[in-house]
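**Student:** how does the following fold in three dimensions:
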Amino acid sequence: MSAKLLRLLSFFLACSLLTASLCGCGKKEKKNFVMRTYSTFGAEKDLSAYSAIIAEYTKTHKNVVINDTTTTAANSYKMALSIASTYRGSNAPDVVYFSALSDMSELSDFFMTVDDIRRDYPNFAKNVSSAVLDSAAADDGGRYCIPVRGDWQGIVVNAAMLRKSGLRIPETWDDVIRAARHFSKNEVSLFANNLDDSSALIEYMVRALGGLEAVQSAVRGAPDDTWEQTLKAIEQLDELSAFPKMPPESFDSLVSPADLKNTTQGQITSPVELYNREKAAILLIDNTTCGSVNTNIDSNYIALPRVGTVTLADVTTARSYPTNVISGPVYPRMTANTLPPSVTEETASTTVPTTVTTKPTRSTTRQVTSTTTQSTAAQSDVSPSDQSSKKKDDGLYVQFAEGFYITKKAYYDNDKREDILDFVEFFLSEQNCVKLCCEHQAPSLSTLSKSTQDSLTKKSNLYNAVIEAVQEADSFVTSTRTQENSYFWNRCAVAATCLSKGILTRQEALRLIADSQLAVSDIYKERR
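**Tutor:** Now for the predicted structure:
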């Protein structure tokens with residue numbers, strides 16, 4: 001081999017080694033680190049699914065060790081304190097799965113918004129719809145929360161029962177009263193849910209009649225005329241035996257929401273069982289009870305019609321209101337410092353979106369259709385011809401009340417950022433998102449594959465209709481019955497029950513709803 005050829009071979013070899021060296025320098029090796037995560041997946045079913053997903057993530061991200069702190073949703077307030085106190089320290093979390101309805105004003109400076117992340121990573125969380133992100137936005141409009149699943153509630157009616165009875169699915173209050181009268185003659189109640197489980201029904205009735213403002217008026221301690229009309233309607237329905245019977249002895253020592261539950265639970269048939277046995281025609285359901293509803297029933301989602309003119313059979317004089325029935329212990333008052341934070345004008349007006357969910361249904365073997373008229377106060381004056389050209393309200397309330405948050409401290413750490421984004425995206429994969437919906441929650445994804453959609457349809461056509469409603473919705477109506485104000489709604493159920501059974505007058509029931517520190521026993525003391 002000539003010297004010239006040797007020189008050429010040596011030159012090309014040197015270039016190859018240099019190129020390989022340069023390429024090796026440009027490749028960044030991922031650093032090992034501990035990812036600190038906080039979550040509210042502490043409930044038994046949630047924790048099992050959550051832990052399995054984390055285990056799968058670490059298989060493909062061997063440089064990441066997950067240090068997870070998990071609690072239940074009921075203890076999420078403790079997590080808020082922990083995040084605030086540790087954020088600037090070495091134990092600060094990188095990713096948080098947290099409530100979207102709690103007061104985040106002090107924490108919002110700690111988290112990235114989805115929009116800020118998308119400036120760097122345009123496809124981040126791309127399969128979560130804007131409607132879902134908007135529904136979980138903070139007070140300042142920032143979309144910090146990235147939901148994975150949402151809770152929901154609705155009203156279903158056994159359409160076949162109505163057809164057999166020559167009745168139509170209720171579109172007006174007269175339809176409701178007509179159905180209640182008919183079924184009571186046959187020892188069937190119109191509603192499967194008892195009055196001690198009436199908070200959802202009260203919410204639907206008040207909002208159908210007076211809109212969100214009517215609900216907020218009572219949360220602020222000043223229920224408007226809508227509430228009196230609603231209570232009159234409940235009295236009317238109870239006169240017509242529209243609710244399942246309750247044992248009279250349940251009220252002998254009734255003094256609090258807890259007592260109401262303690263004395264009646266286990267003594268009456270469950271609402272779902274009454275509905276499944278066709279002993280009731282209308283059922284209020286949510287994601288926790290959806291799976292128990294008999295799928296062979298021709299169930300239709302409906303929006304409850306707004307209350308019309310209420311005619312009572314002289315209830316005020318016909319009923320005797322006892323003066324010394326209650327003999328149990330006095331219900332302990334809540335102090336101002338222990339009242340739920342949501343019972344304020346500010347919280348009530350910021351935690352509940354006011355727009356309406358619409359749901360075009362999917363054709364299945366047992367199609368769930370929406371056949372009701374629009375029910376809000378603003379919509380009630382729409383003429384039938386106008387209604388036919390508009391999408392109709394199906395009465396579904398869907399609430400994305402929790403989700404992932406990514407801390408700014410973690411995001412701006414170049415050694416962590418991409419693995420942390422991968423972590424959240426991993427939970428938003430179709431397989432994992434559906435896996436976390438273990439109690440028929442609605443996935444936050446805007447699209448699902450046909451195979452996944454079909455598998456969910458097999459679980460329940462009622463469930464599938466909700467999923468499609470989420471995928472098609474531009475915005476959501478959400479329930480005002482949150483964990484934070486559950487005490488208020490328990491008072492409403494107590495007031496309605498005591499009113500219908502003659503324990504309280506209508507005005508006393510309104511007082512109980514309005515005054516967070518008033519108990520039934522206090523009213524009886526005043527009578528004496």
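**Student:** ok, so what distance separates Thr37 from Leu201?
**Tutor:** In this view, Thr37 and Leu201 are 39 Å apart by CB to CB, to the nearest Å. Yep, even glycine has a C-beta here, placed from its N, CA and C like the rest.
**Student:** between the two, who's got more neighbours?
**Tutor:** Leu201 (23 against 20; other CB atoms under 10 Å).
**Student:** what's the more buried one sitting at in phi/psi?
**Tutor:** phi -60, psi -40 (degrees, to the nearest 10).
**Student:** ok, it - contacts?
**Tutor:** When contacts are counted by CB atoms under 8 Å, 6 or more residues apart in numbering, Leu201 touches Phe191, Asn193, Leu284, Leu304.
**Student:** wait, isn't the first one in contact with Ser241?
**Tutor:** Think Phe191. No: if you go by CB atoms under 8 Å, Phe191 and Ser241 don't touch, sitting 10.2 Å apart.
**Student:** more neighbours: the two, which one.
**Tutor:** Neighbours were counted for Phe191 and for Ser241 using other CB under 10 Å; Phe191 has more, 25 against 17.
**Student:** give the contact list for that one.
**Tutor:** The contact partners of Phe191, taken as CB under 8 Å, 6+ apart, are Leu201, Leu237, Ala242, Phe243, Pro244, Ala280, Ala281, Ile282, Leu283, Leu284.
**Student:** can you give me the strands in this protein?
**Tutor:** Counting by DSSP state E, the segments of the chain that form strands are 33-39, 64-70, 95-99, 149-158, 189-191, 280-286, 299-302, 397-399, 402-406, 442-443.
**Student:** for the shortest one, give me every contacting residue.
**Tutor:** Taking contacts as CB under 8 Å, 6+ apart, the residues outside strand 442-443 that touch it are 148-152, 287, 398, 433-434, 437, 466-467, 469-470.
**Student:** which one (most neighbours) among those residues?
**Tutor:** Among the contacts of strand 442-443, the one with the most neighbours (other CB under 10 Å) is Val466, at 30 neighbours.
**Student:** okay, the strands of the chain in a markdown table with mean pLDDT next?
**Tutor:** Formatted as a markdown table, those follow (pLDDT from 0 to 100):
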| stretch | mean pLDDT |
| --- | --- |
| strand 33-39 | 93 |
| strand 64-70 | 92 |
| strand 95-99 | 90 |
| strand 149-158 | 95 |
| strand 189-191 | 96 |
| strand 280-286 | 96 |
| strand 299-302 | 93 |
| strand 397-399 | 93 |
| strand 402-406 | 94 |
| strand 442-443 | 94 |
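**Student:** related to what we said a few turns ago, max pairwise distance over the contacts of Leu201: which two?
**Tutor:** Farthest-apart pair in the contacts of Leu201 is Asn193 and Leu304; separation 12.2 Å (CB to CB).
**Student:** for Thr480, which of the strands of the chain is the nearest?
**Tutor:** For Thr480, the closest of these is strand 397-399, at 8.9 Å, according to CB to CB.
**Student:** contacts only, for Ala200.
**Tutor:** Taking CB under 8 Å, 6+ apart as the test, what Ala200 contacts is Gln153, Asn193, Leu284, Asp286, Ser479, Arg481.
**Student:** then Tyr405?
**Tutor:** Val95, Val96, Tyr97, Phe98, Phe110, Phe111, Met112, Tyr144, Cys145, Ile146.
**Student:** near the closest residue to the third one other than its chain neighbours, how many other residues are there?
**Tutor:** Ranked by CB to CB, 6 or more residues apart in numbering and with sequence neighbours excluded, the top spatial neighbour of Tyr97 is Ser39, at 3.8 Å. Around Ser39 sit 22 other residues, with neighbours defined as other CB under 10 Å.
**Student:** Ser39 pairs with what?
**Tutor:** For Ser39, the beta-bridge partners are Thr70 (DSSP bridges).
**Student:** shouldn't it be in contact with Asp68?
**Tutor:** Yes: with contacts counted by CB under 8 Å, Ser39 reaches Asp68, the gap being 6.6 Å.
**Student:** what sits against Leu190?
**Tutor:** Leu190 makes contacts with Val176, Ala179, Ala180, Phe183, Ser184, Leu237, Leu240, Ala242, Phe243, Ala280, Ala281, Ile282, as judged by CB under 8 Å, 6+ apart.
**Student:** could you flag which of these are buried?
**Tutor:** Buried subset of the contacts of Leu190 (neighbour count, 16 or more other CB atoms under 10 Å): Val176, Ala179, Ala180, Phe183, Leu237, Leu240, Ala242, Phe243, Ala280, Ala281, Ile282.
**Student:** just the helices in the stretch 351-500 of the chain please.
**Tutor:** 384-388, 408-411, 417-427, 430-436, 450-459, 461-472, 486-500 (DSSP state H, counting those that start in this stretch).
**Student:** out of those helices, nearest to Tyr121?
**Tutor:** Going by CB to CB, the one of those nearest Tyr121 is helix 417-427, 6.4 Å.
**Student:** pull out the buried positions in the closest one.
**Tutor:** Along helix 417-427, these residues count as buried under the neighbour rule (16+ other CB under 10 Å): Arg417, Asp419, Ile420, Leu421, Phe423, Val424, Glu425, Phe426, Phe427.
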